[in-house]
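[1] would you be able to build a 3D model of this:
(chains A and B)
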Amino acid sequence: MKKQFFIYTILILSLVFTGCSDDDPPAPVNEEEVITTMTITLTPSSGADIVLKHVDMDAEGPDDPIVTVDGVETNQVTLATGTTYTGSIELLNETEDPAEDITEEVAEDEADEHQFFYVIGSELDVTTAYTDQDEDGKPIGVEFTLTANSISSGDLTFILRHEPNKSADGVADGDIENAGGETDIEETFSISVE
Amino acid sequence: MRKHAVVLLLLSQLIVHSQNCNYTISGKVIDLHDGSLLSGATLVVSETELATQTTLDGVYTLSNLCNNTTYKIKVLHSSCQTKIFSVKVTGHMKRDFRLEHHLEELNEIILEGKAYENTTKTVLENNVSKETLERFSTGSMGDALSSLSGVTSLNKGNGIVKPIINGLHSSRLVIINNDVRMQDQEWGVEHAPNIDINSIGRLTLVKSAGALQFGGDAVGGVIIVEGQKVPVKDSLYGKTLVSAASNGRGAIMSSHLTKSFENGYYATVHGSLKRFGDFEAAHYNLTNTGLAERNASLRLGLNRFNHGLEAYYSFFNNEIGILRASHLHGAADQVRALSSNTPLIVNDFDYQIGAPKQQVTHHLARIKGFKKFENFGKLSLQYDYQQNNRLEFDIRRGDDKDKAALDLKLDTHTVLLDFDSNSNNAIHLKSGLMARYQNNFANPETGVRRLIPDYKKYDLGLYLIGDYKVNDQWQIEAGARFDYVHMDVYKFYRTSFWENRNYDELYPNIVIEDLGTQVLTNPNLKFNNGSATLGAKYSFNEDYHLFFNYALASRAPNPSELFSEGLHHSGARIELGDLSFKSEIGHKISATLQRDHESFSFSLNPYINTISNYVIIEPTSVRETIRGNFQVWEYRQTQAQLIGIDVDAAYKYNENISSTHQLSIVKGYDRKKDLPLISMPPISTRNEIKFTYPRFHNLKMELQSQYVFAQNEYPNNNFEVYIPETESTETVDISTPPSAYHLLNFNSSIEFKIAKKSLLTVGLGITNITNTSYRNYLNLQRFYADDLGRNFLLNLKLNY
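    Numbers count the residues shown, from 1 in each chain, chains lettered A, B, ... in the order given. Have a look, this model is predicted:
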């Protein structure tokens, strides 16, 4: 009887340890949802575009994001007084090859679940206006205008909220206070109107 | 010496004979479990010819007893275990005797021959009573365990409840479910044990690592879950339990049926269902906190005196909604959530369980056989297989909306060979071998980087434990165990992290592929862990016992501590593991002074647990990402010490009124940094007064008060973040524990005999009677919402 027990043990053990031997290394994961790149293009009625770019290739990894304005590593943006800029925002996932355009997801497929907010520092005299709409007539904020008024300087922060309450007080006018939702993007630029 | 004894005996005989012998004892024979009166029980007074039987009302009278004499009275009943009571006659007396009655709990010969026996001899073990288990039938195992002193729970909402024993939880606890060590991804603070509370026959807690037969890494303790025992006789019995609760507007149904035969064969089938909608805090709805659970189990076996075989399979499946408002991105969201008194998202009540949520399926299959050899011992062999599949759903975007963000499948095979020696009556030896293979597969289809990497793990363990009963006073116990752990891991590291941590220089050899932004590595980690226990028990007399135990435990770091590298949504933080971790080694010294007495019993259990290489996670910096700022939490090893005391007391005022009292204190410190440890349970006390009136349908009423102090010792992990909306820098207070709170609970039950063999128990309970708004320091949801408000519970239990 005792002998049998040991035989069974060895039998089961051998089954256990031989039963599973696929040694193929696992496949890497395609990160589908990551936003690595935000490009904000400001087009004045005349003159050259201003391109603000935020790139973070390793997402939550230790490398800091790289912020550039017109290709130069800085977050300082100069706007001309009295000028209205037409703004558009493009979001990309550059971990995929070719890069995936996330703007489509945000501004078309799930337009009703996303909204950009432009938070203007109190010292800065600029105004923004939404120029796009979701199917309910609420703003999305991928398309907008930015008007530089008088000479001033301060922060301008672009915030993308996922699942905000678009019907809350002031949200359709760009007031973030009652918007709620989760922050998908938050990037601050230092603006001076000259 | 012997002569003196004989003289004394003779003298005492003389005294007895000179006494008045016309006294009577009368009373009732009562079922210990449900308080029903037992008719037809026989009472025999040892060494006399006196005997009687109880009437239909369970009443008896024994006359012609002598004054000042101690008698041994044997009480027998056809469906109960025979019990002998010692009674000293002082005049005419009333005395009730209680017997174990329920078939479902019969203490007869069972498969193991020793199940329901203490697993350690020198640690006082605590049991959760059957009544308590049933009272928590709508809750979870963690809730029921929290009714014991020294046990609290780490919660996420009220659906995810992880037990904390003397300040320690997760991988530091070993949970044994029907002789199988649970392998259910217990490492995560949001991973509750995958055990159906309604399938538990007996729940035991060992607040020590001393139970070496189960593993050497129980730095915090061992929780043992056992099924219902089955008697060796022809019978068919079952139990159905239905409980409904107002909070969450849900119910559970659980049914259990057993068929057994005289020849030792038996079968048990169990199933349960649970469904709840959104739970409610005192003043608002907790949106998306509903849950659903489905469980089933089947047990088939043969139980003979000298051999037996049992097959067991259980299926566990649940879906738990996580408070919608607790899903955050970044520090700015955290500031908003913390500064709001109510959750940021409160919708109307709903049964819908949406993202974020968890879905877990756990299969457990076990086959076990034993053979007894005369004058030698018992040999048992067990093979078990478990599969745990965990899906976690986040708030996602686009095509990934309904796709799990985490999909882990953990397969575990274990073989156990145990030998229990009984060749010597005083010395009891247990020894065994364990071999385990585990495979974790992280599904890459999630579109999210793997939180836990793919790995294979091999464990080998062997142990020897012995206890020696020196004499009636002393009992000693010693044991040792060795475990070898080998982990073969495939892990993708972000290149930036790999280089930032200097791993490219420390571990260049484990890289097998460089993919540009990430590297694939193959770490092979080996751990040799020793563990031991040494203890003694001293019995002063029948009532007073002193337990002393030292336990050495060694725990290999878990995959989360080693390999975490990424964003943890529910905590809105980045968590980083460390590949270089060593085994954690705990030394726990505990003592218990116990008075075990009918009218006044108590136990005092002080302990000190010193742990080297203790793994803690703590914030180290704030990292900038496209989503804003996130706090970075890194695992680190340190020297920790936990000191505490658990106090229990019970007093019986009279036949009907009794009270129980509990106090638990634990203090934990990081000795290297001289800081308090995070998430240590605050001091708490629980006091309960109970009224029982067996004569009226075994009426029971309990009023319970639970007072939890504010935790006054905690590390300061607050950080500052700039909020552009308000153009101000805000402190994110994630450290300050919530205030103290006091809860009142009520519980009652009444029984009706509805047929010869059927008993209906109706229970009514109210928890948080005063609808107090409170937050619990050990609930991860406390940052965003209050804990549960008032709840009415209705239980219907039918035994048949």
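
[2] only C-alpha atoms from now on, for both contacts and neighbour counts.
    Fine.

[3] where does chain A dip in pLDDT?
    A:1-23 (pLDDT under 70).

[4] tell me who's in contact with the residue in it that chain B sits nearest to.
    The minimum distance from chain A to chain B, using Cα to the nearest Cα, falls at A:Ile185 (4.2 Å). Residues counted as contacts of A:Ile185 (Cα atoms under 8 Å, 6 or more residues apart in numbering or on different chains) are A:158-161, B:626-628.

[5] partners of it in the sheet?
    A:Leu160 (DSSP bridges).

[6] what of the one 4 residues further on?
    A:Phe189 has these beta-bridge partners by DSSP bridges: A:Leu156.

[7] neighbours around it, how many?
    18 (other Cα atoms under 10 Å in any protein chain shown).

[8] my guess is it contacts A:Thr78, does it?
    No - using Cα atoms under 8 Å, A:Phe189 makes no contact with A:Thr78, being 10.3 Å away.

[9] okay, and the common contacts of the two?
    Common neighbours of A:Phe189 and A:Thr78 (Cα under 8 Å, 6+ apart) do not exist.

[10] just the helices in the stretch 101-250 of chain B please.
    Using DSSP state H, counting those that start in this stretch, the helices of the stretch 101-250 of chain B run over B:130-135, B:141-145.

[11] with distance to B:Lys582 added, can I get those in CSV?
    Shown next, in CSV, are those (distance: least, Cα to Cα, whole Å):
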stretch, distance to B:Lys582
helix B:130-135, 38
helix B:141-145, 29
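
[12] can you say which of the ones you listed is packed in most?
    Among the helices of the stretch 101-250 of chain B, helix B:141-145 has the highest mean neighbour count (mean count of other Cα atoms under 10 Å in any protein chain shown), at a mean of 25.

[13] can you give me how far that helix is from the chain middle?
    The chain centre lies 6 Å from the centre of helix B:141-145; the measure is Cα atoms, centre = their mean, to the nearest Å.

[14] hey, least reliable of the helices of the stretch 101-250 of chain B by pLDDT?
    Ranked by mean pLDDT, those bottom out at helix B:130-135, which scores a mean of 88.

[15] who touches that one?
    B:141, B:144, B:147, B:197-198, B:200-202, B:795.

[16] so B:Gly264 touches B:Leu302, yeah?
    Yes - when contacts are counted by Cα under 8 Å, B:Gly264 is listed as touching B:Leu302 (5.2 Å).

[17] intersection of neighbour lists for the two?
    Applying Cα under 8 Å, 6+ apart, one finds that no residue jointly contacts B:Gly264 and B:Leu302.

[18] and stretch B:578-591, average pLDDT?
    95.

[19] list phi and psi for residue 57.
    All of this is about chain A. Note on A:Met57: backbone dihedrals following degrees, to the nearest 10 are phi -70, psi -30.

[20] I was thinking of chain B, sorry if that wasn't clear
    Residue torsions, per degrees, to the nearest 10, at B:Asp57 are phi -90, psi 10.

[21] for B:His486, grab the count of nearby residues.
    Neighbour count of B:His486, defined by other Cα under 10 Å: 18.

[22] just the element for it, please.
    In this assignment (DSSP states H and E), B:His486 forms part of strand B:474-494.

[23] let's have the contacts of A:Ile185 in a markdown table, adding neighbour count and distance to B:Ile25.
    Output for the contacts of A:Ile185, formatted as a markdown table (neighbours: other Cα atoms under 10 Å in any protein chain shown; distance: Cα to Cα, whole Å):
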| residue | neighbour count | distance to B:Ile25 |
| --- | --- | --- |
| A:Phe158 | 20 | 87 |
| A:Ile159 | 24 | 83 |
| A:Leu160 | 24 | 82 |
| A:Arg161 | 24 | 79 |
| B:Ile626 | 26 | 82 |
| B:Arg627 | 22 | 79 |
| B:Gly628 | 20 | 79 |
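
[24] which residues of chain A fall in helices?
    All helices of chain A, identified by DSSP state H, fall at A:2-18, A:102-104.

[25] just the C-alphas of the strand or helix carrying B:Glu575, formatted as PDB.
    Counting by DSSP H and E, the element that carries B:Glu575 is strand B:573-576. Provided in PDB are the C-alpha atoms of strand B:573-576 (Å, rounded to 0.1, in the frame of the first residue of the first chain):
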ATOM      1  CA  ARG B 573      -0.500  56.400  -8.900                       C
ATOM      2  CA  ILE B 574       2.500  54.800 -10.600                       C
ATOM      3  CA  GLU B 575       3.800  51.700  -8.900                       C
ATOM      4  CA  LEU B 576       7.300  50.300  -9.300                       C
END
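
[26] how far does the very next helix or strand once past that strand sit from the chain's center?
    The first helix or strand that comes after strand B:573-576 along the chain, using DSSP H and E, is strand B:584-595. How far strand B:584-595 lies from its chain's middle: 18 Å, per Cα atoms, centre = their mean.

[27] touching the strand holding B:Glu575 from outside, list them.
    A:60, B:330, B:561, B:563-568, B:630-635.

[28] can you give me how far that strand is from the chain middle?
    For strand B:573-576, the distance to the chain centre is 29 Å (Cα atoms, centre = their mean).

[29] now do stretch B:205-214
    The answer for stretch B:205-214 is 12 Å, by Cα atoms, centre = their mean.

[30] which residues of the stretch 51-200 of chain B lie near chain A?
    When proximity is defined by Cα under 8 Å from any Cα of the partner chain, the stretch 51-200 of chain B lies next to chain A nowhere.

[31] and stretch B:395-415, anywhere near chain A?
    Yes - residues of stretch B:395-415 are located near chain A by Cα under 8 Å from any Cα, namely B:396-398, B:400, B:413, B:415.

[32] tell me the SS of B:Val335?
    Look at B:Val335: counting by DSSP: H, G, I helix; E, B strand; the rest coil, its state is helix.
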